[in-house]
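Participant: below is the structure, and that's it, no one-letter string:
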């Protein structure tokens, strides 16, 4: 996935000579804490936050140029960069948003941190049952019931808790990948549990074939 | 994981009767766009953003109470709520941060959206090799080399690309879970690939045992 796929193309921008009072109204109206400062060709020249505006209003400064951060001091990213880079920059620099540049440093969008959360959380919200369905499709000759039975056996072996296949099925229909990772103690452990289930159904399938 | 494990306990707060000019200085100094408004017992009474402050300064309002949002209109969360809830609220309401309450509505922390990104991205940054190591541990009697060989075979079957086991090994040492998901086209597809590899090594192991 590239930055351009997660960026917000609907953003406001301001020019260096714009009056701060006007800018404060625009930012309040659009409810944005940050905005790129651009020239007449939408080329990035700086960055301004609502905290720069509060300072400017308090100190009676007049224009964006009086309070803005220079382009050099702004973390920015290119639309063709991997989305992963935006995630890393955001977490490393504790950003609320970051300008996205196209060719010739033209601002083409903004990566907003809550949109990153939205993107990342979709993965977390996948139901565990979906993964089992994919597993059933992959393992030819293994039925859904056999999978659930194997899952119940592996769960008992690993946790000591007795669980019926029907209960297991209900649990994976209700729970998400994110919950499962947190419940099992991490991604690797979650996968290892699935692999154990896979191993058991495959062993049973092979044993059946040998009869 | 609970909200209290991802919240920031180091936050500023303001009182309703505090002067806006003073608050603007504090928010600029701490570089925070949002802050909870609390009473003398740290009980949440409202919420203020730097955009409320710009409006207050522009309109010559005097105190926090003149511009703050009421407690009822603020999305908040309890420290014992699952962290997942904070993720969902953030992505749904496009939040930059959210107050975390303990007992009796006392503000005990803030969930900041970039901290959520940080938490979620750790999962993405796990190296794929780690998952294969867990798989090797789980599948008794299957060696690392056998796993890599099976992975190379499955990759060729699925993508048509010829890849040496050594190349595959290098690839999973370099690439992360996040990259792998994006490359394979989703969590289920990534996992199905692993299952296919697991199935192949188990089939080979069984065949060996029968000889």
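Facilitator: Received the coordinates, thanks. Quantities reported herein were computed from a predicted structural model and do not represent experimental measurements.
Participant: ok, and what's touching the helix ranked longest in chain A?
Facilitator: Longest helix in chain A by number of residues, with DSSP state H as the criterion: helix A:187-210. Helix A:187-210 is contacted by residues A:131, A:135, A:139, A:141-142, A:146-147, A:150-151, A:153-154, A:158, A:177, A:180-181, A:184, B:123, B:126, B:130-131, B:133-135, B:137-139, B:177, B:191, B:194-195, B:198-199, B:202-203, B:206 when judged by Cβ atoms under 8 Å, 6 or more residues apart in numbering or on different chains. Heads up, the C-betas are built off the backbone N, CA and C, glycines and all.
Participant: quick one: list the elements packing against the worst-scoring helix or strand of chain A on mean pLDDT.
Facilitator: Every helix and strand in chain A was compared by mean pLDDT, DSSP states H and E; the lowest is helix A:177-184, with a mean of 78. Judged by 3 or more Cβ pairs under 8 Å, 6 or more residues apart in numbering or on different chains; DSSP states H and E, helix A:177-184 is in contact with helix A:113-124, helix A:128-138, helix A:187-210, helix B:83-93.
Participant: to residue A:92, which of those helices lies closest?
Facilitator: helix A:113-124 (12.2 Å; Cβ to Cβ).
Participant: the closest one vs helix B:187-210, what angle?
Facilitator: Counting by axes from the mean of the first three to the mean of the last three Cα atoms, to 10 degrees, helix A:113-124 lies at 30 degrees to helix B:187-210.
Participant: which residues are contacting helix A:113-124?
Facilitator: Helix A:113-124 has contacts (Cβ under 8 Å, 6+ apart) with A:1, A:6-8, A:83, A:86-87, A:90, A:95-97, A:176-178, A:181, B:84, B:87-88, B:90-91, B:94-96, B:113-114, B:116-117, B:120-121, B:124, B:181, B:187.
Participant: would you mark the buried spots in it?
Facilitator: A:113, A:114, A:115, A:116, A:117, A:118, A:119, A:120, A:121, A:123, A:124 (16 or more other Cβ atoms under 10 Å in any protein chain shown).
Participant: quick one: average pLDDT of it?
Facilitator: The pLDDT scores in helix A:113-124 average 83.
Participant: same thing with stretch A:73-91?
Facilitator: On average, the pLDDT along stretch A:73-91 is 91.
Participant: and what of stretch A:144-156?
Facilitator: For stretch A:144-156, the mean per-residue pLDDT is 94.
Participant: repeat that for stretch A:24-33.
Facilitator: 96.
Participant: what comes up buried for it?
Facilitator: Buried, per 16+ other Cβ under 10 Å, within stretch A:24-33: A:24, A:27, A:28, A:32, A:33.
Participant: in strands, which of the residues you listed fall?
Facilitator: Judged by DSSP state E, strands contain none of the buried residues of stretch A:24-33.
Participant: on that earlier part again, ok, of the contacts of helix A:113-124, which come out buried?
Facilitator: Buried members of these, scored by 16+ other Cβ under 10 Å, are A:6-7, A:83, A:86-87, A:90, A:95-97, A:176-178, A:181, B:84, B:87-88, B:90-91, B:95-96, B:113-114, B:116-117, B:120-121, B:124, B:181, B:187.
Participant: distance to residue A:106 added to the helices and strands packed on helix A:177-184, as CSV?
Facilitator: As requested, these are exported to CSV (distance: least, Cβ to Cβ, whole Å):
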stretch, distance to residue A:106
helix A:113-124, 20
helix A:128-138, 40
helix A:187-210, 39
helix B:83-93, 28
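Participant: can you tell me which of the ones you listed is nearest to residue B:42?
Facilitator: Closest approach to residue B:42 among the helices and strands packed on helix A:177-184 (Cβ to Cβ): helix B:83-93, 19.8 Å.
Participant: which residues touch residue A:33?
Facilitator: Neighbouring residues of residue A:33 by Cβ under 8 Å, 6+ apart: A:27, A:49, A:50, A:51, A:96, A:97, B:33, B:49, B:50, B:51, B:96.
Participant: now with 6 Å?
Facilitator: A:49, A:50, A:96, B:33 (Cβ atoms under 6 Å, 6 or more residues apart in numbering or on different chains).
Participant: cool, and residue A:152?
Facilitator: Contacts here follow Cβ under 6 Å, 6+ apart; on that basis residue A:152 touches A:163, A:165, A:168.
Participant: can you pick the most crowded of those residues?
Facilitator: For these, neighbours were counted using other Cβ atoms under 10 Å in any protein chain shown, and residue A:168 has the most, 21 neighbours in all.
Participant: that residue belongs to a helix, doesn't it?
Facilitator: Yes: per DSSP: H, G, I helix; E, B strand; the rest coil, residue A:168 lies within a helix segment.
Participant: correct me, but it touches residue A:151?
Facilitator: Yes: counting by Cβ atoms under 6 Å, residue A:168 does reach residue A:151; the two are 4.9 Å apart.
Participant: pLDDT wise, what is the residue nearest to residue A:150 when sequence neighbours are not counted at?
Facilitator: The shortest distance from residue A:150 to any non-neighbouring residue, by Cβ to Cβ, 6 or more residues apart in numbering or on different chains, is to residue A:200 (4.2 Å). Residue A:200 is assigned a pLDDT of 90 by the prediction.
Participant: and residue A:137, by the same measure?
Facilitator: Reading off the model, residue A:137 has pLDDT 89.
Participant: same check on residue A:211?
Facilitator: We have a pLDDT of 69 for residue A:211.
Participant: would you mind giving the domain segments of chain A?
Facilitator: Chain A breaks down by automatic domain parsing into domains covering A:3-122, A:125-210.
Participant: what's the end-to-end length of the first one?
Facilitator: Chord length of domain A:3-122, first to last residue, is 17 Å (Cα to Cα, to the nearest Å).
Participant: go on, the shortest one?
Facilitator: Distances were taken as Cα to Cα; on that basis the terminal residues of domain A:125-210 are 40 Å apart.
Participant: off-centre distance for it?
Facilitator: 26 Å (Cα atoms, centre = their mean, to the nearest Å).
Participant: kindly report the same for the first one.
Facilitator: Remark: domain A:3-122 is offset 19 Å from the chain centroid, using Cα atoms, centre = their mean.
Participant: and residue A:41, how close does it get to residue A:149?
Facilitator: Noted for residue A:41: a distance of 65 Å to residue A:149, by Cβ to Cβ, to the nearest Å.
Participant: ok, those two, which is more surrounded?
Facilitator: A direct count of neighbours by other Cβ under 10 Å for residue A:41 and residue A:149 places residue A:149 higher, at 18 against 9.
Participant: shouldn't the more buried one be in contact with residue A:166?
Facilitator: No: with contact defined as Cβ under 6 Å, residue A:149 and residue A:166 do not form a contacting pair (10.1 Å).
Participant: alright, that wraps it up for me.
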